[in-house]
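Asker: sequence unknown, structure follows:
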């Protein structure tokens, strides 16, 4: 029998994939973890910013409404049902006066004051004959938030002028007050954006001004 002595074709030796080494695995995990952390922080910060924008927009809208309420009430300032003068107290960040604020043909005692970053309105309806304003009848509610006049900007909420539009100095002579400027600085979170939104209006005390 004749033997086949032809050499076998050359075959390369099989190579084995060696996989990832431990340092490579650690580096890959670190990169993946850092990427996830950066993405998560970005999403959290984006959500916080969107929430701030929403809060700021709401605060501005509410403060604008509050300034209109105050302006209307001040324009109708009149003597109290108990005979007291129309303006009770006038300070930089608080004001108390008489006005028919709810159009019920009764003259209410109205007070605006700042508590922290909220603007509060307190109303007392007159009761009895002769009329009286009882502290226990006071109803207080917040009409604006994010008001930073006291906590951040140090701008007065109320500024008072006489009938010649000259600014009055303290102590205020109540009988000389004929015009009041309302200035509200609004910022829902001063730690995020230091710039504030300002709302400013003027109210002429029509019932007290002999020139009108």
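Answerer: Structure received. These numbers come from a predicted model, not from an experiment.

Asker: show me what contacts the residue most central in space within the chain?
Answerer: Nearest to the centroid of the C-alpha atoms of the chain, with distances taken as Cα atoms, centre = their mean, sits residue 146, at 2.2 Å. Applying Cβ atoms under 8 Å, 6 or more residues apart in numbering, we find residue 146 in contact with 55-56, 59, 63, 117, 186-188. Yep, even glycine has a C-beta here, placed from its N, CA and C like the rest.

Asker: and the residues you listed, which of them are in helices?
Answerer: The subset of the contacts of residue 146 located in helices under the criterion DSSP state H comprises 55-56, 59, 63.

Asker: what segments of this structure are strands?
Answerer: Counting by DSSP state E, the segments of the chain that form strands are 87-90, 94-99, 108-115, 118-124, 139-145, 158-161, 179-186, 197-204.

Asker: thinking again about what came up before, can I get the contacts of residue 146 in JSON lines including distance to residue 179 and neighbour count?
Answerer: Written out in JSON lines, the entries for the contacts of residue 146 read as follows (distance: Cβ to Cβ, whole Å; neighbours: other Cβ atoms under 10 Å):
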{"residue": "55", "distance to residue 179": "33", "neighbour count": "16"}
{"residue": "56", "distance to residue 179": "30", "neighbour count": "19"}
{"residue": "59", "distance to residue 179": "27", "neighbour count": "22"}
{"residue": "63", "distance to residue 179": "21", "neighbour count": "22"}
{"residue": "117", "distance to residue 179": "27", "neighbour count": "20"}
{"residue": "186", "distance to residue 179": "23", "neighbour count": "24"}
{"residue": "187", "distance to residue 179": "27", "neighbour count": "25"}
{"residue": "188", "distance to residue 179": "30", "neighbour count": "22"}
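
Asker: number of nearby residues for the residue nearest to residue 64 when sequence neighbours are not counted?
Answerer: In this structure, residue 64 finds its nearest non-sequential neighbour in residue 199, 5.7 Å apart by Cβ to Cβ, 6 or more residues apart in numbering. Residues within reach of residue 199, counting by other Cβ atoms under 10 Å, total 19.

Asker: now residue 62
Answerer: 18.

Asker: which ones are touching it?
Answerer: Residue 62 sits next to 143-145 when contact means Cβ under 8 Å, 6+ apart.

Asker: who's in contact with stretch 91-100?
Answerer: Residues lying outside stretch 91-100 but in contact with it, judged by Cβ under 8 Å, 6+ apart, are 73-74, 76-81, 84, 86-89, 106-114, 149-150, 156-159, 172, 180.

Asker: in that stretch, what counts as buried?
Answerer: Within stretch 91-100, the residues scored as buried using 16 or more other Cβ atoms under 10 Å are 92-93, 95-100.

Asker: for it, the distance to its chain's centre please.
Answerer: Centroid separation for stretch 91-100 versus its chain: 21 Å, with Cα atoms, centre = their mean, to the nearest Å.

Asker: average model confidence for it?
Answerer: Along stretch 91-100, the predicted confidence averages to a pLDDT of 98.
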